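Chemist: whatever this is, show me its structure:
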Amino acid sequence: MKEQEAQSKGDAARRGLEQPSARQPDRNASEHDSAEASWRDSSECAKPSPSRTEPAGLHMATENNVKVENPLDASDADSCASIETGLRLQTVGSLANPRLPSKHLSHLFELDVVRGLMSWWVVVGHVLAFAGFEENNVPSVIAVVMHGAYAVNVFMMMSGFVIAKLLADKSESYKVFITRRFLRIYPVFLAALAVAILARPLYIPILLASRAPLPFHYDRIWDAENNHFWPHILAHLSMLYGVIPESTLRYSGIALLGPAWSMTIEFQYYLVAPLLILIARRFGTKGWITLIAVSALVSQGFAASLQGNFPTSLPTFLPLFLGGMTSYWIYAQMREKEPKVSADILLAGAPLLYLLTGSVPVTIWGFAMALILANGDSPVVSKMKSLLNRPSLLFLGKISYPTYLIHYPILWLGKALVACVALHANPFVVALALFALTTPATLCASALLYHFVEKPGIDFGRRLFKNPTPMPLGPGHRTHSQDLCATDLISLNSK
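Modeler: I've put the predicted structure just below:
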């Protein structure tokens, strides 16, 4: 009897110990599902998680080994990107504590908010310019608002950050990466371009007849468009209109759809971004610093030539993208070790960037990064994050890309309408009228483009490559498929 009781107690104890491990596969499965769904792009993610406790990384598993790579430095083995034998990304947390969620797959709602605010900075600046204000004849604050290039420069740094994060989180072939990015930006670009072309006959004759003041010397741009209409259309359809010299096709970067001058630069960056990551992983921190220095020298040393003949080519703006990629490396390192500096000091120190660099975009991006890195223990940070994490601001971030492109033809139509009824009105009155007319139309058109054009394109890209092959992750042990990917990547970038 006693032996039976002891045996039953031992069985019960073993069952009690086995229960957690029996439940473990479900938890791992939920973590795996959330990892796959959490990051497709900073503007394409689900609702932000309330906490970002993010230990170190992702692993890359082949059958009998584990490979760990740093996002930018191949010599450091403390971080991150991973794929299983089945070439599927999975979350494992840090190597020390594999049960915690991976920091690299967390959603950064701050990026959504910054993206939305920057897109409306561009809109407001264009409204003021279309109303007749000029940067050299207005107070300095309004001049800064009218200089929408500041906001676009922030977009470029953000793009560098997001693409570095994407390539660190998801190992996929060059073909998969470039196809998904193309499907991410091209449908909305094509739709906005079509609207702009179809709207031209509606507003150009009215504005020319009214002799209303035109922003940015657009009478010259319209002449160039009319003289080389089809070459401009064909160049825009290729997304590489920014690499065409001004001497060959005048105003190729800003014709037809003005704000799209930055989209050709963005696409040029996509073409080389995986190669930049590969260089960083192959040559480490010294190689990365060398790359930044060379790009800065080219951008500044050949500034006159680039701005004169290639104003919308990547070399002019590459330092901004590299700065964004570097900020991701800093983010990944600091989030792994947790910042030792208090959140308040981190935020207060961000404006010092302006004293050091004199750059408004760098200061804005530095403040955004400080806000991302700052934890919620500080009352100031908590209040600031709660103010930003609002549905209205997140919605503006979600539709920011359509807003950035579609507001321009809408604004031209609004200017033509205002020109018919208020030719000599005060610029403030014209600005208010333009804003009242075009804001609802821009919001509605942006929401429609997001839901019916942008999101379907993104979803199609995800369905097209459900099990992507991996992109090369640096030196060391590789599978045969990774060696093929490396060869494929180098050959494609050398053409």
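Chemist: now for residue 202: which residues touch it?
Modeler: Under the criterion of C-beta atoms under 8 Å, 6 or more residues apart in numbering, the contact list for residue 202 reads 413, 416. For glycine as for every other residue, the C-beta is placed from the backbone atoms N, C-alpha and C.
Chemist: can you check residue 312 too?
Modeler: Residue 312 neighbours (C-beta under 8 Å, 6+ apart): 241, 242, 252, 253, 254, 261, 262, 264, 265.
Chemist: okay if I get those as a markdown table plus neighbour count and secondary structure?
Modeler: Rendered in a markdown table, the data for the contacts of residue 312 read as follows (neighbours: other C-beta atoms under 10 Å; DSSP: H, G, I helix; E, B strand; the rest coil):
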| residue | neighbour count | secondary structure |
| --- | --- | --- |
| 241 | 26 | helix |
| 242 | 25 | helix |
| 252 | 26 | coil |
| 253 | 23 | coil |
| 254 | 19 | coil |
| 261 | 19 | helix |
| 262 | 23 | helix |
| 264 | 24 | helix |
| 265 | 27 | helix |
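Chemist: biggest separation within those residues, which pair?
Modeler: 252 and 262 (13.8 Å; C-beta to C-beta).
Chemist: outline the domain layout of the chain.
Modeler: Each domain of the chain is listed here as a residue range: 2-103, 108-494, per automatic domain parsing.
Chemist: for the longest one, the distance to its chain's centre please.
Modeler: Domain 108-494 has its average C-alpha position 7 Å from the chain's average C-alpha position, going by C-alpha atoms, centre = their mean, to the nearest Å.
Chemist: just the helices from the stretch 101-250 of the chain, written as ranges.
Modeler: Assigned by DSSP state H, counting those that start in this stretch, the helices in the stretch 101-250 of the chain fall at 109-131, 140-146, 149-169, 174-210, 218-227, 229-238.
Chemist: how about JSON lines for the ones you listed, with mean pLDDT and distance to residue 448 added?
Modeler: Compiled in JSON lines, the helices of the stretch 101-250 of the chain are given as follows (pLDDT from 0 to 100; distance: least, C-beta to C-beta, whole Å):
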{"stretch": "helix 109-131", "mean pLDDT": "95", "distance to residue 448": "16"}
{"stretch": "helix 140-146", "mean pLDDT": "92", "distance to residue 448": "27"}
{"stretch": "helix 149-169", "mean pLDDT": "94", "distance to residue 448": "22"}
{"stretch": "helix 174-210", "mean pLDDT": "94", "distance to residue 448": "10"}
{"stretch": "helix 218-227", "mean pLDDT": "92", "distance to residue 448": "26"}
{"stretch": "helix 229-238", "mean pLDDT": "96", "distance to residue 448": "22"}
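Chemist: returning to what we had before: and the domains of the chain, which one's lowest on average pLDDT?
Modeler: Comparing mean pLDDT across these, the lowest value falls on domain 2-103: a mean of 38.
Chemist: residues in contact with stretch 204-222: which ones?
Modeler: The contact list for stretch 204-222, computed with C-beta under 8 Å, 6+ apart, reads 126, 129-130, 132, 251, 254-255, 258, 412, 415-416, 419-420, 423.
Chemist: at 7 Å what do you get?
Modeler: Around stretch 204-222, the neighbours that count as contacts under C-beta atoms under 7 Å, 6 or more residues apart in numbering are 129, 130, 132, 251, 254, 255, 415, 416, 419, 420, 423.
Chemist: check the secondary structure at the fourth one for me.
Modeler: Three-state call for residue 251 (DSSP: H, G, I helix; E, B strand; the rest coil): coil.
Chemist: quick check on it: phi, psi?
Modeler: Here the main-chain torsion angles of residue 251 (degrees, to the nearest 10) amount to phi 60, psi 30.
Chemist: that one: neighbouring residues, count only.
Modeler: Burial of residue 251 is recorded as 23 neighbouring residues (other C-beta atoms under 10 Å).
Chemist: could I get the helices of the stretch 101-250 of the chain as JSON lines with distance to residue 444?
Modeler: Listed next are those as JSON lines, based on distance: least, C-beta to C-beta, whole Å:
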{"stretch": "helix 109-131", "distance to residue 444": "14"}
{"stretch": "helix 140-146", "distance to residue 444": "24"}
{"stretch": "helix 149-169", "distance to residue 444": "22"}
{"stretch": "helix 174-210", "distance to residue 444": "13"}
{"stretch": "helix 218-227", "distance to residue 444": "25"}
{"stretch": "helix 229-238", "distance to residue 444": "25"}
